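In: Build the 3D model from these lines:
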Amino acid sequence: MSELSLRFRVMAEGDVDSVMGLERNASPSPWTERMLRQELSVDVSTVLLCEQHEDAKWRLKAYAVYWLVAREQHILNVATAIDARRQGFGWRLMSEALHRGRAHGVDLVTLEVRRGNLAAQALYLSLGFRQVAVRPAYYQDNREDALIMNLQQVDAGLA
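Out: Prediction:
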């Protein structure tokens with residue numbers, strides 16, 4: 001994958017349908033359109049898109065929702081298109097999100113991940129995240145535990 005064929009940009013109102021299409025296919029418990037639209041109106045929220053140029057069009061490959069509050073970045077949702085998994089899109093997207101957080105003075109990043117989502121856990125560990133706690137029965141759809149993971153930007157050599 002050529003870096004020149006990738007771009008990252010903040011979601012606009014006109015992107016909601018394509019993001020929802022990816023979300024519905026990628027998640028066992030997808031966000032609703034209302035939830036996604038709400039993020040467009042929250043000052044601290046960013047919905048970051050990762051797109052690849054293919055067949056003369058930009059195609060959505062992954063997206064992340066995060067909040068920047070004080071010196072913290074909270075990752076709320078990350079999804080990669082099923083046909084784009086294990087190709088580096090999630091890693092590139094998260095790297096870009098972390099870079100944008102650092103540019104805003106972030107030194108602590110937090111997220112929750114399903115205990116059973118080993119691929120996501122491996123991605124976050126590769127970026128320097130560490131498991132710090134467990135939220136029992138956090139996910140409403142199946143009462144699965146959430147692992148809370150943190151990244152100290154300085155620890156990861158990303159400062």
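In: Using CSV, write out every CA atom in the lengthiest strand in the chain.
Out: Of all the segments of type strand in the chain, defined by DSSP state E, the longest one is strand 57-69. Backbone C-alpha positions of strand 57-69 (Å, rounded to 0.1, in the frame of the first residue of the first chain) are rendered in CSV as follows:
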residue,chain,number,x,y,z
LYS,A,57,-12.1,7.3,-6.0
TRP,A,58,-11.4,7.7,-2.3
ARG,A,59,-12.7,4.7,-0.4
LEU,A,60,-13.3,4.6,3.3
LYS,A,61,-11.1,1.9,4.9
ALA,A,62,-11.3,2.7,8.6
TYR,A,63,-12.4,5.4,11.1
ALA,A,64,-11.9,6.3,14.7
VAL,A,65,-13.9,8.5,17.1
TYR,A,66,-12.0,10.2,19.9
TRP,A,67,-12.3,13.0,22.4
LEU,A,68,-9.6,15.5,23.3
VAL,A,69,-10.2,16.7,26.9
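In: And the next helix or strand past that strand?
Out: Following strand 57-69 in sequence order, the next helix or strand is strand 72-80 (DSSP states H and E).
In: helix or strand right after that following strand?
Out: Following strand 72-80 in sequence, per DSSP H and E, is helix 89-103.
In: buried set for that next one?
Out: For helix 89-103, a neighbour-count test (16 or more other CB atoms under 10 Å) marks 89-90, 92-94, 96-98, 100-101 as buried. No exception for glycine: its C-beta is placed from N, CA and C like everyone else's.
In: Same question for stretch 138-147.
Out: In stretch 138-147, counting by 16+ other CB under 10 Å, buried: 138-139, 144-147.
In: Let me have these in CSV, extended by pLDDT and distance to residue 28.
Out: Below are the buried residues of stretch 138-147 laid out as CSV (pLDDT from 0 to 100; distance: CB to CB, whole Å):
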residue, pLDDT, distance to residue 28
138, 90, 13
139, 88, 9
144, 93, 9
145, 96, 14
146, 95, 13
147, 97, 16
